[in-house]
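Visitor: I'll drop the sequence and a predicted model, then ask my questions.
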Amino acid sequence: MASPGAQALHPYQPGKPASELAREIGLEPGAIVKLASNENPLGPSPLAQAAVHELLALSRYPDGAGFELRQTLAEHLQVEPAQLTLGNGSSDLLDFVTRIFVQPGDNIVVSEHAFSLYGLNATAVGAEVREAPAKDFGHDLAAMAALVDERTRLVFITNPNNPTGTWLAEDSIRAFLAQLPEHVIAILDEAYFEYVDQDGYPDGTRLLADFPRLLVTRTFSKAYGLAALRVGYGVSSTELAELLNRVRPPFNVNAAAQAAAVAAVKDQAHVQRSVSANRLGMKQLIDAFEQLGLDYLPSVGNFLCVRLDNAKTVNAALLQRGVIVRALGGYGMPEYLRISIGTEAENKRFIDMLTEVLAQGD
Ligand code: PMP
C-alpha cells in the first residue's frame, strides 16, 4: 500500500507541452509559443550541442562518478571536486537531501510562493511542511526562523525565488544561517544564479566556508539551456557531499548530459549572451506591461509575474491563441501569470496575444 505521504500528494504540474496544445487547438507545433518553464530561449551552447552529437558509445554506461564534469565544475567554481554532487537536474539534489535527513514526524521550513518540489519531497516521506508567509512576495527570513523547532531538519531558501523573481542579499542570508540550530541543514537553491547581477547578491558557494551545514544547488536547465538533458549539481562541504553521493543512484546523470554540461561550462560566452538576451527580453515585457497599465513583480530571473484580475480566464484565452504561460494558482498567487522570457519574436507574440485578449475582454 502507498505510504500516507504518497497518498497525500498531488503530482507536480509542469507547463503544458507545446505538442499537446497544438493538437488540442489544431495548430502546427511550431506555431505554439511556450513561455511557461523558464527555459533558455537561445538553447544551449553550440559546443554542448556538438558534444551530444559526437557521443559515440551509446552502449556504455555513463561515468557513474561524473569525473570530468565534476573536475570541470570544480575548476569553474573554485571548489574541490569532492564538494560536488551531480543530479538528474537540481531536482535530484532536493530529493537526496530530503531522503537523508527527513523522517516521518519531522518538518521542513519553506517560504510561501516557493518552488513546490521542496514540499512534495517532504510530504512523500511523511514530514510536515511549514510555510512562512512571504513579505512583498519574497522570503521573510524572520518568519521562517520563527517556524524552526527541534523537529526541523531542512530550511529552503530560493535565491532568486521562482516564481516571484525576488532575491535576498548576502548579509540577510548570513544572519539567517548564523542563527539556525545545529540540527538544521539549509538549502540555498540557486537555479537562476547566472541571471543575477544585483549588488549584494551572494554567490552561495562562497558561504560554505562559514556554514558547513549548507547545500547550494544549481542547474544546467536555465541559463545553460540544457533543460531536456536533466543535469544539475549540489555544492557543499565534502562531508555533506559524501552523504549525498551515498543515496545518489550511480548513473543518475546520463552520458549525453555529462558531455553537454562539460562543454557548456567551458562556453561562458554563451551564458553571457543568454543573460544579455534575457535582460533585453525582460525590458520588452516590462515596457509592454507598462503600456497596458498592468502591474508586475520586478524580477531578477528569466521570468516575470504579471497581475491580472481575471488571470485564469486570460490564461485560457492565451492558450486558445497558442501561447503557453504559467498560471500561479498552485503557488498561492491566483491573480498572477508567470511569463518566461523568450526570444524577441516569442515575447512579441505573447504581447500581441495578451493585448488582443485584454481588448476583447474574453
Ligand atoms: N529550483 C527552482 C527554483 C526551479 O525553478 C527549478 C525548475 N523550475 C528547479 C529547482 C529544478 O530544476 P532542474 O531539476 O531542472 O534543475
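Guide: Structure's in. What do you need? Keep in mind that what you see is a predicted model, and the values were worked out from it rather than measured.
Visitor: correct me, but residue 239 touches residue 213?
Guide: No - contact criterion C-beta atoms under 8 Å: residue 239 and residue 213 do not qualify, at 9.5 Å. To be clear about C-beta, it is placed using only N, CA and C from the backbone, and glycine gets the same treatment.
Visitor: neighbour-wise, which of these two wins?
Guide: Just comparing residue 239 and residue 213: by other C-beta atoms under 10 Å the higher neighbour count belongs to residue 213, 17 against 12.
Visitor: residues touching the more buried one, list them.
Guide: Counting by C-beta atoms under 8 Å, 6 or more residues apart in numbering, residue 213 touches 180, 182, 184-186, 237, 240.
Visitor: now those as a markdown table including neighbour count, distance to the ligand and secondary structure?
Guide: Putting the contacts of residue 213 into a markdown table (neighbours: other C-beta atoms under 10 Å; distance: C-beta to the nearest ligand atom, whole Å; DSSP: H, G, I helix; E, B strand; the rest coil) gives the following:
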| residue | neighbour count | distance to the ligand | secondary structure |
| --- | --- | --- | --- |
| 180 | 19 | 20 | coil |
| 182 | 5 | 26 | coil |
| 184 | 18 | 20 | coil |
| 185 | 23 | 16 | strand |
| 186 | 20 | 15 | strand |
| 237 | 18 | 21 | coil |
| 240 | 22 | 18 | helix |
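Visitor: Let me know the closest of the residues you listed to residue 138.
Guide: Distance to residue 138 across these (C-beta to C-beta) is lowest for residue 186, with 16.7 Å.
Visitor: Show the pLDDT at the closest one.
Guide: Per-residue confidence (pLDDT) for residue 186: 98.
Visitor: For it, give the beta-bridge partners.
Guide: Beta-bridge pairing for residue 186 (DSSP bridges): residue 155, residue 214.
Visitor: For residue 347, see how far away it is.
Guide: Noted for residue 186: a distance of 35 Å to residue 347, by C-beta to C-beta, to the nearest Å.
Visitor: Over to residue 233?
Guide: Using C-beta to C-beta, residue 233 is found at 30 Å from residue 347.
Visitor: now the helices for the stretch 151-300 of the chain?
Guide: With DSSP state H, counting those that start in this stretch as the criterion, the stretch 151-300 of the chain has helices at 170-178, 238-247, 255-265, 268-291.
Visitor: With mean pLDDT as new columns, can these be given to me in CSV?
Guide: As requested, the helices of the stretch 151-300 of the chain are exported to CSV (pLDDT from 0 to 100):
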stretch, mean pLDDT
helix 170-178, 98
helix 238-247, 98
helix 255-265, 98
helix 268-291, 98
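Visitor: Deepest-packed of those helices, please.
Guide: Counting by mean count of other C-beta atoms under 10 Å, helix 255-265 has the highest mean neighbour count of the helices of the stretch 151-300 of the chain, with a mean of 23.
Visitor: contacts for it?
Guide: Helix 255-265 has contacts (C-beta under 8 Å, 6+ apart) with 44-45, 47-52, 54-55, 57-58, 60-63, 66, 68-69, 72-73, 76, 86, 88, 220, 224-226, 229-231, 253, 270-271.
Visitor: What of stretch 35-42?
Guide: Applying C-beta under 8 Å, 6+ apart, the contact partners of stretch 35-42 are 14-16, 162, 192, 221-225, 227, 270, 273-274, 277, 281, 301-303, 323-326, 338-343, 346-347, 350.
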